[in-house]
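Chemist: Sequence first, predicted model second:
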Amino acid sequence: MSFTRGLVRHLNVGVLSVSTLALAPSQPPVQAPQTSAVSRFIVLYQGQRIGGETVEVKRTDAGWIISSTGQIAPPLDLTTTRFEATYAADWQPLKLSVEGVFRGQLITLSTVFASTSATSDVFSGGQRGTVTHTVSPRTIVLPNNFFAAYEALAAQLGSAAVGAKFPIYVAPQREVTATVDVVRQRRVVTADGPIDLQQFDLTFENPSGPVKAEIWIDGRKRLARLLLPAAAVTVIRDDLSAVLSREERISHPGDEDVFIPAIGFNLGATVSRPKDAGVRLPAVVLVAGSGRQDRDETVFGIPILGQLAGTLADAGFLVVRYDKRGVGLSGGRVESATLEDYAADVVSVVNWLRRRKDVDPERIAVVGHSEGGAVAMLAADRQSRIKAIALVAAPGSTGKEVTLEQQQHALARSQESEEDKKAKIALQLRIMDAALSGQGWEGIPPALRQQAETAWFKSWLLFDPAAAMKKIDQPVLIVQGALDTQVPPAHADRLEAAARARKSRAAAETRKVVVPGVNHLLVPAKTGELEEYPSLPTKTISPEISQTITDWLRTVLK
């Protein structure tokens, strides 16, 4: 009996796809959450909202009932009309019932559990079948793509230590083992006050290879956040995703949270100052890369800008990092934002700094990471009072060329046929042409059109760093990781050539530094490839990167 293939995998990545695996030892009873309540979760794919689930965890005289309904757009394309998992008081599973529509087809699943067996009746793709598996006592039932099921795992993680193992039944397939790799304390600041959370990094031992997951729980042992990196899927409770919520990932002694007036809204930001700060300090504005980045620019557990801010503050600079518009504590809307709008936000921060009595208005620099480098270039053209800019892992080609280059690199590493690769490149070219012209969307999948038909994407495709550099009169630092595969080192060469070709006096002050063994996230790596990101052993940006930026800023802002 085979279940719908797409349903038992997350976006064809096989997040919990299983075959035969040795059964994990049973777990002792654990303390259950103390309250029953309804929560709303939003589902994100590649940072974009694609749907949500309404989840109820209910305590009964017999045990626990976890239920949900929801709707998730493509590429998952799943409507859940009924999800209900019933557990005994000691979290022994009793029954699972699922009804919904997956990619236009009706699906139903009914699984009944005994102490060491699970029998499932499945209807999918117009076919019906029954399958029975041996399972461990108190196995945790996690059918793929039904995220409410993770409430049962959250309830049992509260007292788990590193190395703890849990049997996981991926209904209606077989059982795998999940191991706790890391436990971290987290805190999210909301409009109603801070919420303390625990983060558990787990590895699911699938027959096809280990798969990582990140699960956050609150003090009631309720699910707060779920991250499946291999599938680019994030599930987050709505109170933690509100505009006035942000995670406090990293802090520096004496950090000051502020609001900075922008055009029609405020930017939530953090100011980091030197320990023994004098008056009229040189200042640095940090600009994050693409996506819904907050002030720390945390990617795969690495708070890139948060770490850099602390290093620069210790070196004697006043440093500002801020939530991008529409993210964290910042107002504004991301739907209509372009690169030029993000540059206007940088100018707003610079103008705000110039009015501070503890900042020297003639010594303000901007440091941009990745796409933030493009934003820094546009801001430097708009505001001549910016003294200098540093471009870290920034694009040296047009946005259109970078997008195509990244897809070609990904396809070159894939096992797809040459015919399929050519078809995907052709589709990418059609999408970019349609995004630029506003015409030619016919035949392009709606989900791809929804992602591409945005003001930001059009502005990104049109951005040309060579043209932008001609308008910049400030000194430029170019910093690049030698193992960067998202924006390869050749981009640094192009930026350097464009910066030195300027006719202004600042052309001679151009400096380029390529740091060996460092990837796009600015940390030491082995390959630099994206699939390496979840398992990077070092979560601290390279000291050589930080020192290069610090030394250069001391020179240009002296």
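Modeler: Cool, the structure landed.

Chemist: For the rest of this, base every contact and every neighbour count on C-alpha atoms.
Modeler: Will do.

Chemist: For the stretch 451-558 of the chain, just list every one of the strands.
Modeler: Assigned by DSSP state E, counting those that start in this stretch, the strands in the stretch 451-558 of the chain fall at 476-481, 511-515.

Chemist: Restricting to C-alpha, output the shortest one in CSV.
Modeler: Written as CSV, here are the backbone C-alpha positions of strand 511-515 (Å, rounded to 0.1, in the frame of the first residue of the first chain):
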residue,chain,number,x,y,z
ARG,A,511,39.9,48.0,-1.0
LYS,A,512,39.0,44.3,-1.6
VAL,A,513,39.6,41.4,0.9
VAL,A,514,38.8,37.8,0.1
VAL,A,515,38.8,35.6,3.3
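
Chemist: For the remainder of this discussion, apply numbering that starts at 196.
Modeler: Right, with 196 as the first residue, what we last looked at is strand 706-710.

Chemist: what angle separates that strand from strand 671-676?
Modeler: Angle, strand 706-710 to strand 671-676, by axes from the mean of the first three to the mean of the last three C-alpha atoms, to 10 degrees: 10 degrees.

Chemist: Could you list the domains of the protein?
Modeler: Taking automatic domain parsing as the domain assignment, the ranges for the chain are 232-436, 445-592+658-751, 595-650.

Chemist: and stretch 414-432, which residues are buried?
Modeler: Neighbour-count burial for stretch 414-432, with 16 or more other C-alpha atoms under 10 Å as criterion, is recorded at 416-426, 428-432.

Chemist: show me what contacts residue 516?
Modeler: With contact set as C-alpha atoms under 8 Å, 6 or more residues apart in numbering, residue 516 has these partners: 464, 465, 466, 480, 481, 482, 490, 491, 500, 501, 504.

Chemist: For it, list each beta-bridge partner.
Modeler: Beta bridges link residue 516 to residue 465, residue 481 when assigned by DSSP bridges.

Chemist: now residue 666: how far from residue 697?
Modeler: Per C-alpha to C-alpha, to the nearest Å, residue 666 is found 8 Å from residue 697.

Chemist: same check, this time on residue 406
Modeler: According to C-alpha to C-alpha, residue 406 stands 49 Å off from residue 697.

Chemist: Check residue 431 too.
Modeler: In terms of C-alpha to C-alpha, residue 431 sits 47 Å off from residue 697.

Chemist: one step back: can I get the buried part of the contacts of residue 516 as one ChimeraX selection?
Modeler: Burial among those is assessed by 16+ other C-alpha under 10 Å; the matching ChimeraX selection reads:
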select :464,465,466,480,481,482,490,491,500,501,504
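
Chemist: what two of the contacts of residue 516 are the furthest from one another?
Modeler: Maximum pairwise distance among the contacts of residue 516 (C-alpha to C-alpha): 13.4 Å, between 466 and 482.

Chemist: circling back: more neighbours: residue 406 and residue 697, which one.
Modeler: The neighbour comparison of residue 406 against residue 697 (other C-alpha atoms under 10 Å) goes to residue 406, with 21 against 17.

Chemist: what is the mean pLDDT for stretch 379-392?
Modeler: The predicted model gives stretch 379-392 an average pLDDT of 80.

Chemist: Can you measure across it, start residue to end residue?
Modeler: One end of stretch 379-392 to the other measures 9 Å (C-alpha to C-alpha).

Chemist: likewise stretch 605-613?
Modeler: 13 Å.

Chemist: buried stuff in it?
Modeler: The neighbour-count check on stretch 605-613 (16+ other C-alpha under 10 Å) flags residue 606 as buried.

Chemist: tell me how far that stretch is from the chain's mean position?
Modeler: Stretch 605-613 sits 24 Å away from the centroid of its parent chain (C-alpha atoms, centre = their mean, to the nearest Å).

Chemist: quick one: contacts of that stretch?
Modeler: For stretch 605-613, the external contacting residues (C-alpha under 8 Å, 6+ apart) are residue 616.

Chemist: Not counting sequence-adjacent ones, nearest residue to residue 497?
Modeler: Taking C-alpha to C-alpha, 6 or more residues apart in numbering, and ignoring the residues beside it in sequence, residue 497 has residue 734 as its nearest neighbour in space, at 5.2 Å.

Chemist: Relative to residue 354, how far out is that neighbour?
Modeler: Per C-alpha to C-alpha, residue 734 is found 25 Å from residue 354.

Chemist: could you point out where this structure is predicted with low confidence?
Modeler: For the chain, residues meeting the criterion pLDDT under 70 lie at 196-231, 386, 437-444.

Chemist: Longest helix in it, please.
Modeler: helix 613-632 (DSSP state H).

Chemist: Could you tell me which residues within it count as buried?
Modeler: By neighbour count on 16+ other C-alpha under 10 Å, the buried set for helix 613-632 is 616, 622, 623, 625, 626, 627, 628, 629, 630, 631.

Chemist: Identify the residues contacting the helix or strand encompassing residue 295?
Modeler: Using DSSP states H and E, residue 295 sits within strand 288-297. Outside strand 288-297, the residues within contact range by C-alpha under 8 Å, 6+ apart are 202, 272-283, 301-309, 333-336.

Chemist: How about stretch 547-566?
Modeler: Residues outside stretch 547-566 that contact it (C-alpha under 8 Å, 6+ apart): 455-456, 473-485, 513, 545, 568-571, 580-590, 682, 715, 748, 752-753.

Chemist: Mind doing that once more with 6 Å?
Modeler: The contact list for stretch 547-566, computed with C-alpha atoms under 6 Å, 6 or more residues apart in numbering, reads 474-485, 571, 581-589, 752.

Chemist: if you look at those, which of them are in helices?
Modeler: Of the positions in these, residue 571 sit in helices, assigned by DSSP H.

Chemist: List only buried entries from the contacts of stretch 547-566.
Modeler: Neighbour counting by 16+ other C-alpha under 10 Å classes 476-484, 571, 581-589, 752 among the contacts of stretch 547-566 as buried.

Chemist: how about the helices of the chain, start to end?
Modeler: For the chain, applying DSSP H gives helices covering 345-352, 433-436, 499-509, 534-549, 566-577, 594-607, 613-632, 641-647, 650-657, 660-665, 685-695, 738-751.

Chemist: out of the ones you listed, which comes closest to residue 315?
Modeler: The minimum distance between residue 315 and those falls on helix 345-352, with 19.1 Å, by C-alpha to C-alpha.

Chemist: for that closest one, packing partners?
Modeler: Applying 3 or more C-alpha pairs under 6 Å, 6 or more residues apart in numbering; DSSP states H and E, one finds that helix 345-352 contacts no other helix or strand.

Chemist: picking up where we left off before, more neighbours: which of residue 734 and residue 354?
Modeler: A side-by-side neighbour count of residue 734 and residue 354, using other C-alpha under 10 Å, places residue 734 first with 19 against 10.
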